[in-house]
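> Let's see this in three dimensions:
(chains A and B)
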Amino acid sequence: MTHSAKSVTARLLAWSEGDREALEDLMPMVYDELRRLARSYLRRERSDHTLQPTALVHEAYLRLVDQEQVRWQNRAHFFGIAARLMRQILVEHARSRKTAKRDGGLRLTLSKAAIRLEEKSVDLLALDDAMSELETIDPDKSRIVELRFFGGMTIEETAEAMGVSTATIIRQWRMARAWLFRRIRKGEAGDQSELEK
Amino acid sequence: MKPERWRKVEEIFQSAIERDPMERAAFLNEACAGDDSLLREVQSLIAADEQAGSFIDVSSLAREDEESLSGKRIGPYRVISEIGHGGMGSVYLAAREDEYRKQVAIKLIRRGMDTDFIIRRFLGERQILASLDHPNIARLLDGGTTEDGLPYFVMEYIEGTPIDRYSDENRLNTAARLRLFRDVCAAVQYAHRNLVIHRDIKPGNILVTRDGEVKLLDFGIAKLLDPAAQSLDQTATAIRMMTPDYASPEQVRGEQITTTSDVYSLGVVLYELLTGHRPYRLKSRQPHEIMRVICEEEPERPSIALTQLEAAMTAEVSSHITPPPRRMSKPRERNLHRLRRQLEGDLDNILMKALSKETERRYSSVEQFSEDIRRHLEGLPLIARNDTLFYRAGKFIRRHRVVVAAAIIVAMTLIAGIIATAWQAHAARQQRDKAQYEKAKAEQVSAFLQSMLQYANPSWYSPGKDKGPKTTVLDALNDAAGRIDTQLADQPEVRSDLHGTIGDTYRALGLLDDAQRHFEASLEIRRGLFGQGSAKVAESLFYLGAVQHSRGNLEQAEMLIRQALEIQRRRPDEGNNLPFIIQELTSILCKKGDPAAAEPLDQEALELFRHRYGQRDITIAFGHSALGRDYYSLGDLDRAQEHFQESLDILLERSGSETYFQTLGLGLICTASGKYEEAERLLSKAVDDVLRSQGERSDVASHILASLAHLHSLKGEREQARREADREVARFHRLSPDSYFTLIPIAKVFVNTGQHARAESLLREALDAGNRYMVKDSWVLAEVKGALGECLMAQKRYAEAEPLLIESYESFKQSQVEQSFRIKEARDRLAAMYERWNKP
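Okay, here's the model as predicted:
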């Protein structure tokens, strides 16, 4: 057990006991680990090998959390945080890549994770913006997308994390997806007119 | 967008997409009731939903791989279809290319999830499965790596139905369900014996095949009990959310998980199997609610839960969280009353015991749980009994365990002692003065105790962060210990009693230095007060001897105990300590390898116990087990067997008694008489019991595990024996009188499996240590010499072996009863040696 595993575990536990400060300590720890993993996999990756971003979240969990200690709901807490941080990291990557392209400079480091997403033709920056917007209207839906898409959680896990039934998650997810899809497509078309309602 | 409008949009959207596209337009027109912008909004969302395709669909990433896998090959197998998937991996149905009929399940890490780290965990899981081979556990058949370098493993494919559905579909009655459930127990029991805890037992993981055969699946989050298995660093927990519905309180709280956690989960499964309902209802899936219900809410007795169920069916149950009540009785016993009669009593008690919140109160092993079900099926009395009032009081104590424990121990021994003396005094009417004195003494003590208990009370503290409960109890004890001499300066007798009691509490906490200090203080006061030859002095000497015994100083311990015994024998009517002193002495004698001296003393102690407490008291059980030990050491297996059995019978009459010592004794007797199957059963049970109650690091646990290893080597299971002996020897810290006996079976395994160098060094170490404190013709030393001789003989070092084997034989002849199996063994060894040596 590494030193950081102990402290992450302790803070997860403290946080679930209601210690808000523990969360503030926790975020940078998880963020650093995710970043570290993303970089190190990038360096070693074979060219024919693709890694899903959510694998990093899973691995970070295994590395950072002493599973003998935590309660089952701590896992949901962890994935909740990690999903948000993974989103942040991927969006940062995408942004720096865009800048690099525009500047005509060298190709910046780019995680395989991001490549994988690009192949699926998702514009991460647009998705991020749309999700932020959805959050102002219906924060739960935005969160569900975050957990599923960036945290790699299954429907069941998302349901546990949000404390609702799986049926609810399935319905909310479908609505969120439709809304985001429409929003991004409109963004591409440059049409912003429907937003005022 | 305003919240109300957003809700409205969503409501119509959700209803619309559930409808047939043909009806949708009409529905939308009606639902939007002329609000055009609302209609447009919903229509555009529906259009987006239809066009979104695989947009941000995470599962599509994985599914792509899976679809492409269908029909592809993994090693020599061709994939037929996907059966299921988790966060990290998927399971496929496949068949060998050359043998289409035989279908298998292949578990494979998902592409994209294959970080090195995750792969290591996955291989750990494969390792666990490989160690399990049982007809009721889905077997691991094969393993390998795909062309892409992803590891996979191949399992027996089980075509079956989850146990709950199977039972309902086949309309099994209660007895049939119980029998089926016992097969599940057998599988879990087997896994436990192999040091694997399942941790995720639920109906979905228990399939029943068409032939009615139970198969336990998914040791995915199983955890090895054995911390020595380094390959798995810490845990083999697979990544996924634990289903809390079947989780035990300790699992939900994130505490240490043991084999009894599986007992609990099995209890939930059986509860549901018999009543059709979970033991509790969750009002929501919020973590704190789940935690509260599982950890605090006592489950309804199954027979009562049934009736309430029927009542609930008439009322409206709308929550989708609580499983809607089903008609339970029909598929089970055809009608409710009949089913309720079936559950009342035995089955209520069995389930309540399995579902106890405190692990100590559950069945100590799956085997016991299963055994009680068998007893119920055959109409025999159960191990599980009703909760007593005593238990309910105990529950409070348990909640504040460590804090209150010491204070309570002090209080109870003192109060019991005072009541006993006061009563005796009262009975002897002529000693009125004395009675009054005792009363005054009792008041003094109780006042002091009160102040102490107050100190130990957790609510007395303002909650501080670093004040753990352990600190509290020690604080309380230390505080009391420090105050005795000043506060009770004019009460030497009370003071000496308190020093004794507090000393005993320290001893129970393992703080032997403090214990000794207080016993010595008590002894000094009593010497001055009552004189050297008093029963009170004998008591203090006895306690001091016990402390030395705990420290492994056998010589000093024996001297002190013998002094105590001598004094007490001259005052047979004072106090009840005589048989206890005797037993302390015989325990020391046996460690010195002198059962012949112990046996008559233990007979005497048993008589004294009988005289004082009657035939079936728990002390009688202890008396018998001490004699069982003596006779086993003397080589008299028949008598040993009688006494252990008698002891066991008495203990089984009371619930909650520990019986591993007796079970171990019986297991060793069976080993010695060649009844290996019975021996295996008994020793395994002893292991389960002791692991549960003491944790695996105890000396007794090691001894039983070593005995099991020895048994396996006798049965010719050399590989297993060797593995087990390796594990035990790794745990071995130092050779003390308590661990001495463990070394011998380990060394014998090494002899039997041909690891002669290791055996020799262990046995020589044992011989040196034993020579220092054991009696001359000790049977234990004779055992060591015999094993060492055999070890040398196997290496053809006959000249060295000869004197050892002769000494061993001679010692056994001196120390054992005539018919002892050890004499015969020693003679055989000697003969074999000469035969091989060819020495005239």
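
> Could you use CA atoms for every contact and neighbour count after this?
Noted.

> Quick check: what element follows the lowest-mean-pLDDT helix or strand in chain A along the chain?
For chain A, using mean pLDDT, DSSP states H and E, the weakest element among its helices and strands is helix A:112-119, scoring a mean of 43. Per DSSP states H and E, helix A:112-119 leads on to helix A:124-137 as the next helix or strand towards the C-terminus.

> Identify each buried residue in that next one, please.
Neighbour counts over helix A:124-137 (16 or more other Cα atoms under 10 Å in any protein chain shown) mark A:Leu124, A:Leu125, A:Ala126, A:Leu127, A:Asp128, A:Asp129, A:Ala130, A:Met131, A:Leu134 as buried.

> now do stretch B:31-43
Buried residues in stretch B:31-43, counted by 16+ other Cα under 10 Å: B:Ala31, B:Cys32, B:Leu38, B:Leu39, B:Val42, B:Gln43.

> ok, B:Leu45 touching A:Arg185?
No: under the criterion of Cα atoms under 8 Å, B:Leu45 makes no contact with A:Arg185, lying 12.0 Å away.

> what's around residue 175, how many residues?
All of this refers to chain A. 22 (other Cα atoms under 10 Å in any protein chain shown).

> hmm, I had chain B in mind actually
Neighbour tally, B:Ala175, other Cα under 10 Å: 16.

> do B:Leu270 as well
Around B:Leu270 there are 26 residues (other Cα under 10 Å).

> Would you enumerate the residues in contact with residue 184?
Assuming you mean chain A. Applying Cα atoms under 8 Å, 6 or more residues apart in numbering or on different chains to A:Ile184 gives the contacts A:Ala126, A:Leu127, A:Ala130.

> To clarify, I was referring to chain B.
Contacts of B:Val184 by Cα under 8 Å, 6+ apart are B:Asn136, B:Ile206, B:Val214, B:Lys215, B:Leu216.

> Okay, helices next: where are they in the stretch 101-250 of chain B?
In the stretch 101-250 of chain B, the segments counted as helices under DSSP state H, counting those that start in this stretch are B:116-130, B:163-169, B:174-193, B:249-253.

> Highest mean neighbour count out of those helices?
helix B:249-253 (a mean of 22; mean count of other Cα atoms under 10 Å in any protein chain shown).

> Would you map out the domains in chain A?
A:1-98, A:101-197 (automatic domain parsing).

> give the contact list for the residue lying closest to B:His134 once chain neighbours are set aside.
Nearest non-adjacent residue to B:His134, counting by Cα to Cα, 6 or more residues apart in numbering or on different chains: B:Ala187, 6.8 Å away. Applying Cα under 8 Å, 6+ apart to B:Ala187 gives the contacts B:His134, B:Pro135, B:Asn136, B:Ile137, B:Leu216.

> Touching, the last one and B:Gly204? I think so.
Going back to what we said before, that points to B:Leu216. No: B:Leu216 is beyond contact range of B:Gly204, at 9.4 Å (criterion: Cα under 8 Å).

> out of those two, which sits in the busier spot?
Using other Cα under 10 Å as the criterion, B:Leu216 and B:Gly204 rank with B:Leu216 on top: 27 against 15.

> any idea how far the more buried one lies from B:Leu140?
From B:Leu216 across to B:Leu140, the span is 12 Å (Cα to Cα, to the nearest Å).

> Quick check: neighbours shared by the two?
By Cα under 8 Å, 6+ apart, no residue touches both B:Leu216 and B:Leu140.

> picking up where we left off before, right, and the helices of the stretch 101-250 of chain B - which one's nearest B:Gln583?
For the helices of the stretch 101-250 of chain B, the distance to B:Gln583 is smallest for helix B:174-193, at 33.2 Å, taking Cα to Cα.

> List every C-alpha atom in that closest one, with coordinates, as PDB.
The C-alpha trace of helix B:174-193 is given here as PDB (Å, rounded to 0.1, in the frame of the first residue of the first chain):
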ATOM      1  CA  THR B 174     -39.600 -25.900   1.900                       C
ATOM      2  CA  ALA B 175     -37.700 -29.100   2.600                       C
ATOM      3  CA  ALA B 176     -36.600 -29.400  -1.000                       C
ATOM      4  CA  ARG B 177     -35.400 -25.800  -1.000                       C
ATOM      5  CA  LEU B 178     -33.400 -26.500   2.200                       C
ATOM      6  CA  ARG B 179     -31.800 -29.500   0.600                       C
ATOM      7  CA  LEU B 180     -30.800 -27.500  -2.400                       C
ATOM      8  CA  PHE B 181     -29.500 -24.800  -0.200                       C
ATOM      9  CA  ARG B 182     -27.200 -27.200   1.600                       C
ATOM     10  CA  ASP B 183     -25.500 -28.000  -1.600                       C
ATOM     11  CA  VAL B 184     -24.700 -24.200  -1.900                       C
ATOM     12  CA  CYS B 185     -23.300 -24.400   1.600                       C
ATOM     13  CA  ALA B 186     -21.100 -27.300   0.600                       C
ATOM     14  CA  ALA B 187     -19.500 -25.200  -2.100                       C
ATOM     15  CA  VAL B 188     -19.000 -22.200   0.000                       C
ATOM     16  CA  GLN B 189     -17.600 -24.400   2.800                       C
ATOM     17  CA  TYR B 190     -15.200 -25.900   0.400                       C
ATOM     18  CA  ALA B 191     -14.000 -22.500  -0.800                       C
ATOM     19  CA  HIS B 192     -13.500 -21.400   2.800                       C
ATOM     20  CA  ARG B 193     -11.400 -24.400   3.500                       C
END
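
> Next, the angle from it to helix B:116-130.
Going by axes from the mean of the first three to the mean of the last three Cα atoms, to 10 degrees, helix B:174-193 is angled at 120 degrees with respect to helix B:116-130.

> low-scoring stretches of the stretch 101-250 of chain B, by residue?
By pLDDT under 70, the weakly predicted segments of the stretch 101-250 of chain B are B:101, B:111-113, B:117, B:121, B:219-244.

> hmm, try it at 80
Applying pLDDT under 80 to the stretch 101-250 of chain B flags the ranges B:101-102, B:109-131, B:147-150, B:194-196, B:199-200, B:218-245.

> now the end-to-end length of stretch B:525-535.
End-to-end distance of stretch B:525-535 (Cα to Cα): 13 Å.

> of the contacts of A:Ile184, closest to chain B?
Closest approach to chain B among the contacts of A:Ile184 (Cα to the nearest Cα): A:Leu127, at 9.2 Å.

> For the closest one, list the residues it contacts.
A:Leu180, A:Ile184.

> Relative to B:Arg654, how far out is it?
Remark: distance between A:Leu127 and B:Arg654 (Cα to Cα) = 67 Å.

> One more: B:Glu30?
72 Å.

> shouldn't B:Gly789 be in contact with B:Tyr809?
No: with contact defined as Cα under 8 Å, B:Gly789 does not count as touching B:Tyr809 (10.9 Å).

> higher neighbour count, the two?
Using other Cα under 10 Å, the more surrounded residue of B:Gly789 and B:Tyr809 is B:Gly789, with 29 against 25.

> if I look at that one, how far off is B:Asp49?
Here the criterion is Cα to Cα. By it, B:Gly789 lies 83 Å from B:Asp49.

> what does B:Arg361 give?
54 Å.

> who's more crowded, those two?
Using other Cα under 10 Å, the more surrounded residue of B:Arg361 and B:Asp49 is B:Asp49, with 22 against 18.

> so who does the more buried one touch?
B:Asp49 neighbours (Cα under 8 Å, 6+ apart): A:Arg174, A:Met175, A:Arg177, A:Ala178, A:Trp179, A:Phe181.

> what about it, which helix or strand?
B:Asp49 is part of helix B:36-51 when elements are defined by DSSP H and E.

> next one: A:Asn74
Using DSSP H and E, A:Asn74 falls in helix A:72-102.

> now B:Val91
Assessed by DSSP H and E, B:Val91 sits inside strand B:89-96.

> could you give the angle of that strand to helix B:116-130?
Angle between the axes of strand B:89-96 and helix B:116-130 is 50 degrees (criterion: the same axes, to 10 degrees).
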